[in-house]
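Engineer: 3D model of this:
(one chain, ligands or ions: 1)
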Amino acid sequence: MSEATPKRYHPAHVVIHWLTALLVLMMLMVGKFAMPGVPSTDPQKPMMLQSHTYIGGAIAILLVIRLIMLFSFKRPAADTNKDNRFLDIVAKATHGLLYLLMLGMALSGFGLFQQVNLPAVFSGAQPYPQDFFEYLPRLGHGLTSTLLLLLVLLHFGAALYHQFIKKDNLLARMWFGKN
Ligand code: HEM
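Structural biologist: The predicted structure follows:
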């Protein structure tokens, strides 16, 4: 049995963290910069969106598993900043918001899936929509993706700050090793 407060996250948590990071980053880059450049008349477009849907669904499943693990597995104590409590609040809020925004992406994506009837678009039974913004969840999906991108950058910046300026090797908590 491990001690009461572990030094690092459970290996399953570590795997899901880095897998989610990779998939979300990929989805944000493709969704923001690659997909808009492909016209809706391009025969590749439904296939691109189909992959986007599958990966989005996988992120949603990983998110649910992660939230369950967050409350059922022991995790390291919060890293507190004795001389700047404000940074503790920012860190806590960022982590909570990251979960919330990922959930928002999955829910708005699922809303689009239902409203547009994406399976019919993927099978060719229904034409690819000219403009998804006719559907309300598309607005939420776009706005949430921008907020998520900004927050991911903040999270990434904070990790670099810990690693190279504070040099406290906080990153090791989200990697494999002895507890
Ligand atoms: C959970 C992670 C997801 C991420 C990070 C993500 C990311 C994105 C991004 C960045 C965009 C472009 C937004 C913009 O700049 O306006 C987008 C568009 C879109 N996403 Fe997602 N998405 C996710 C999940 C989903 C899911 C689960 C579905 C469907 C079931 C979905 C369906 C769509 C659709 C239909 C569009 C619009 C495509 C267009 O306008 O041509 N997304 N997504």
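
Engineer: pull out the buried positions in the helix with the most length in the chain.
Structural biologist: When the chain is parsed with DSSP state H, its longest helix is helix 85-116. By neighbour count on 16 or more other CB atoms under 10 Å, the buried set for helix 85-116 is 91, 97-98, 101-106, 108-113, 116. No exception for glycine: its C-beta is placed from N, CA and C like everyone else's.

Engineer: please name the nearest non-neighbouring residue to Met69.
Structural biologist: His13 (5.6 Å; CB to CB, 6 or more residues apart in numbering).

Engineer: what's the host helix or strand of the one you found in contact with?
Structural biologist: Using DSSP states H and E, His13 sits in helix 11-29. Outside of helix 11-29, the residues within contact range by CB atoms under 8 Å, 6 or more residues apart in numbering are 8-9, 52, 55-56, 58-59, 62-63, 65-66, 69-70, 73, 75, 102, 105, 145, 148-149, 152, 174-176.

Engineer: what's the answer for stretch 31-45, then?
Structural biologist: With CB under 8 Å, 6+ apart, stretch 31-45 has contacts from 48-49, 52, 128-131, 145, 149.

Engineer: ok, back up a step: could you tell me the angle between the longest helix of the chain and helix 11-29?
Structural biologist: Put simply, helix 85-116 runs at 60 degrees to helix 11-29, going by axes from the mean of the first three to the mean of the last three CA atoms, to 10 degrees.

Engineer: contacting residues for Trp175?
Structural biologist: With CB under 8 Å, 6+ apart, Trp175 has these contacts: 8, 14.

Engineer: so where's the protein shaky on pLDDT?
Structural biologist: Along the chain, the parts satisfying pLDDT under 70 run over 1-3.

Engineer: just the buried residues of the contacts of stretch 31-45.
Structural biologist: 49, 52, 128-129, 145, 149.

Engineer: nearest to the ligand among those residues?
Structural biologist: When the buried ones among the contacts of stretch 31-45 are ranked by distance to the ligand (CB to the nearest ligand atom), Ser145 comes first, at 3.6 Å.

Engineer: so which of the buried residues of helix 85-116 reach the ligand?
Structural biologist: Among these, the residues within reach of the ligand (CB under 6 Å from any ligand atom) are 102, 105-106, 109-110, 112-113.
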